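Student: model this:
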Amino acid sequence: MQPPEFLNSKPPPNYVAGLGRGATGFTTRSDIGPARANPDRSAAAGPIVRGRGKCDDDQEDEEKGYNANQKFDEFEGNDAGLFASAEYDIDDVEADTVWEAVDQRNLPRKNRKVATRKKEIIAKPMITELFSDLKKKLCTLSTKDWDSIPEVGGDYSVRNKRKRFESFVPQHVSALDPKMTWGQTLVPDLTSVGEGRGTVLSLKLDRLSDSVSGLTVVDPKGYLTDLKSMKITSDAEVSDINKARLLLKSVTQTNPKHPHGWIAAARLEEVAGKGQVAQQLIKKGCEECPKSEDVWLEACHFASHVDAKAVIARGVKAIPNSVKLWMQAAKLEQDDGNKSRVLRKGLEHIPDSVRLWKAVVELGSEEEANFLLQRAVECCPLHVELWLAFARLGTYESTKKVLNKAREKLPKEPAIWITAAKLEEANGNTKMVGKVLERGIRALQRDGVEIDREMWMKEAEASERAGSVATCQAIIHNTIEVGVEEEDRKRTWVADAEECKKRGSIETARAIYAHALTVFLTKKSIWLKAAQLEKSHGTRESLETLLCKAVTYIPHAEVLWLMGAKEKWLAGDVPSARAILREAYAAIPNSEEIWLAAFKLEFENHEPERARMLLAKARERGGTERIWMKSAIVERELGNTSEERKLLDEGLKLFPSFFKLWLMLGQLEERLGNLVKAKEIFKLGLKHCSSCTPLSLSLAHLEEKVNGLSKARAVLTMARKKNPHTPELWLAAVRAEARHGYKKEADILMATALQECPTSGILWAVSIDMVPRPQQKTNSRDAYKRCGDDPHVLSAVGKIFWHDRKVDKARSWFNRAVTLSPDIGDFWALYYKFELQHGNEDTKKDVLNRCVAAEPKHGEKWQAIYKAVENSHQPTDVILMKVVVAIGREEHSAENGKN
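Tutor: Numbering: from 1, shown residues only. All right, here's what the predicted structure looks like:
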């Protein structure tokens, strides 16, 4: 059959076989042709040659489309790539020349590197090259020779070889039953398998055990526990231990008389878990360094309790004068009698060892201790502790003899004189205490001993702690002036007394003040410091005695007279308080403070007539504005409105710039319902006292009550213009807006107020309460940064912690607030209210007692209740409870307003 004609004809362009029936064709490199572009034959005849590195002689290669001299590219083969048809011009020639020069310059360096590398290869050939000839001979080895080659690493002893070849090859089950053939199937017996497993385990345990006279050293019960307690050491630790072992081995071999090398080597083996090796090393160390007590102590450490006694016995035999070894030998004994015998044996070799004497005295009875100390001071006459211990055990006469002997042996030791003074005080000879110390200090100075003032003060405090108060006072009296300049005495002594007071050494501080008062009889500040010390740490009698003595030397000190009168009043002795005030008035006739104290004494003890008479006398003798104010208060308490108005009018004629009289007169008219007249009085008062904040606040409050918020705003705005940096005025304006429901205006005013008064704690505290709960912590943080330890901010932060149920933190912040400002009663009321809710009986009682002792007088809520007529004679604890109730009522109404 003839083939079709189209098979012999040329296919049409772009023909792909099988494309009509859905087959996809593919294209090969041969279908595309060479990657490099054909050279331009027309340009080849020109003067410039195309293609890099061509010349006229290469025309034949160019016609063939191939240049045998072109460089081979590892990515493109022999194709020149993009620049196959580029012109080779003068710049290319210059570039090739430069690069060829660079290659020629670097050629010697390259040759040197190649030569060096060849030398290194010859000097240190690779292992494969070294053993190449031996590898060729391996083909001649037989199977037996291969098996005899040892494995790499390990120990090649007979025992390890036996272990290494104890491998088990699995056999056919027919080995368990000889009657079985290869074709039968074995039915397993689980009981037999379990018994076999137990037998194998017992064989392994027997192999591990070390049989000594029929007894095994393996503990079957503790076997698994020992396995668990084994320390698995990493390769790095093993390497470090091996390096240290080699280093220490070198140390002990090169210098075997160096004891610390043996100790370090033994401890290294102990860390590595090789206790036996450590014992051998330290034993060898004892042989090499028998005069080193550290080696013997280390050997005792590594030995067992039984062997340790033998080791320490050899040690004390080698070094009989070592105190440490004798102490260790006594420590190894269990019985006190044996310990005492060992120590006494040591004292035979070292009779001047204070440490051994102390140890043996502690173990003996009182009679033995007396005898031992007598012997100890003979052997160690220069050790003061032994002398003092010996003196404490004897009677008064024997102790005096012992101290006299000690003073002869140690003439420069101050502790002997102090002990002698304590001895005299203990036996009731308090008059001799000062004489003994005075004579002792003179003797020490005569022997050239420098009297260290700080050291003697510490001895005085130690004597106070030991109960020797007279000795403490005598030390202070004789040494307080040492090393102090005359002009620095007052300041230095007061500082010393305050430091002693902080450390709890009250008797020492009292002695310092007593000596200072003998030098500075007319210094009121020292008398006040001493009085405060007696008030806080002394008795009422000691304080009264001190104040009586003080007013004798300083009769013109009002505060001392007033303190004495108050102490008598608090003790319930009102007649004595009156007598003290009469004496004070005789000493200081025109003292306003004494007049007012006498008035308060009578007024608080419900003697209004006596109080009125005192004030009348004071007014006749030219009383001050405070006298007129107290007179009006008395009439207000008695309900004499007309007399009160008369006194206020007369007082304002004399003292028109005293704002409290204007304030009291306006409040009087307000109580009587004369609001218009009260407003006029407040305005008139502001004309005389234009910058008075209380008058502005009272007028604004009255305007708000009578004419509404707008008039109050005007009054507060005018007041703020006169006093722009007064927080109370800004606070009153904010609260006025908030009372009438204008929260936005209140917030704007508060922001402006914080700009004008950025460090006002009371404004920041109110701003914290005004914001929502999520923002209160942020505001409190800003407030604390701006105001620091302001008590208003501390109290506000305490309230936040209180609401968050963080009791301990809240208590801490409230405590800080009342500590910083104990005179503000609002903080005490908040603190006490908190303790009523979260505290116990002790904390409640503590806060109440502290508040009563502080006697607070200020605070917005506190003053409103404290100065009310019905609460004029109420004690502090009653006022505190009323303020707590008022705060609770205010919080309840605020919660209802939010809801």
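Student: residue boundaries of the helices in the stretch 451-600 of the chain?
Tutor: Here the stretch 451-600 of the chain has its helices, by DSSP state H, counting those that start in this stretch, at 453-465, 469-479, 489-502, 506-519, 524-537, 540-553, 558-570, 574-587, 592-604.
Student: could those be laid out in a markdown table, adding distance to residue 753 and mean neighbour count?
Tutor: C-beta here means a position set from N, CA and C on the backbone, and glycine is covered the same way. Putting those into a markdown table (distance: least, Cβ to Cβ, whole Å; neighbours: other Cβ atoms under 10 Å) gives the following:
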| stretch | distance to residue 753 | mean neighbour count |
| --- | --- | --- |
| helix 453-465 | 53 | 18 |
| helix 469-479 | 55 | 24 |
| helix 489-502 | 41 | 17 |
| helix 506-519 | 47 | 21 |
| helix 524-537 | 40 | 18 |
| helix 540-553 | 47 | 17 |
| helix 558-570 | 39 | 20 |
| helix 574-587 | 46 | 17 |
| helix 592-604 | 37 | 20 |
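Student: So which of the ones you listed is nearest residue 826?
Tutor: Among the helices of the stretch 451-600 of the chain, helix 592-604 comes nearest to residue 826, with 23.4 Å by Cβ to Cβ.
Student: Residue 104 versus residue 671, what's the distance?
Tutor: To residue 104, residue 671 is 119 Å away according to Cβ to Cβ, to the nearest Å.
Student: what about the two, which has more around it?
Tutor: For the pair residue 671 and residue 104, the greater number of neighbours falls to residue 671 (12 against 9), based on other Cβ atoms under 10 Å.
Student: What are the phi and psi values at the more buried one?
Tutor: phi -60, psi -30 (degrees, to the nearest 10).
Student: next one: the one 5 residues further on
Tutor: Geometry field for residue 676 lists phi and psi as phi -60, psi -40, criterion degrees, to the nearest 10.
Student: Leaving out the residues flanking it, which one is nearest to it?
Tutor: residue 706 (7.8 Å; Cβ to Cβ, 6 or more residues apart in numbering).
Student: these two touch, right, the one you found and residue 675?
Tutor: Yes. Counting by Cβ atoms under 8 Å, residue 706 touches residue 675, with 5.4 Å between them.
Student: And those two? Which one has more around it.
Tutor: When residue 706 and residue 675 are compared for neighbours, residue 675 comes out ahead with 16 against 13, by other Cβ under 10 Å.
Student: which ones are touching that one?
Tutor: Residue 675 is in contact with 669, 702, 705-706, counting by Cβ atoms under 8 Å, 6 or more residues apart in numbering.
Student: By neighbour count, which of those wins?
Tutor: Greatest neighbour count in the contacts of residue 675, by other Cβ under 10 Å, goes to residue 702: 23 neighbours.
Student: What separation do you get for the closest residue to residue 669 other than its chain neighbours and residue 715?
Tutor: Distances taken as Cβ to Cβ, 6+ apart put residue 678 closest to residue 669, at 3.9 Å, once the chain neighbours are dropped. Going from residue 678 to residue 715 by Cβ to Cβ gives 14 Å.
Student: Among these two, which residue is more densely surrounded?
Tutor: Taking other Cβ under 10 Å, residue 678 and residue 715 do not tie; residue 715 has more neighbours (27 against 22).
Student: Remind me which helix or strand the closest residue to the more buried one other than its chain neighbours belongs to.
Tutor: Counting by Cβ to Cβ, 6+ apart, residue 700 is the residue found nearest to residue 715 once chain neighbours are left out, at 4.3 Å. For residue 700, the host element (DSSP states H and E) is helix 693-707.
Student: name the helices or strands packed onto that helix?
Tutor: With contacts defined as 3 or more Cβ pairs under 8 Å, 6 or more residues apart in numbering; DSSP states H and E, helix 693-707 has these neighbours: helix 659-671, helix 675-688, helix 709-722, helix 727-739.
Student: Could I get the average pLDDT for that helix?
Tutor: Across helix 693-707, pLDDT averages out at 90.
Student: Can I get that helix in CSV, CA atoms only?
Tutor: Provided in CSV are the C-alpha atoms of helix 693-707 (Å, rounded to 0.1, in the frame of the first residue of the first chain):
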residue,chain,number,x,y,z
THR,A,693,-13.4,84.0,102.7
PRO,A,694,-15.8,82.9,105.5
LEU,A,695,-17.8,86.1,105.2
SER,A,696,-18.1,85.6,101.4
LEU,A,697,-19.2,82.0,101.9
SER,A,698,-21.8,82.9,104.5
LEU,A,699,-23.2,85.7,102.3
ALA,A,700,-23.4,83.4,99.3
HIS,A,701,-25.2,80.7,101.3
LEU,A,702,-27.6,83.3,102.6
GLU,A,703,-28.3,84.7,99.1
GLU,A,704,-28.9,81.2,97.8
LYS,A,705,-31.4,80.6,100.6
VAL,A,706,-33.2,84.0,100.0
ASN,A,707,-32.8,84.9,96.4
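Student: Thanks again, I'm all set now.
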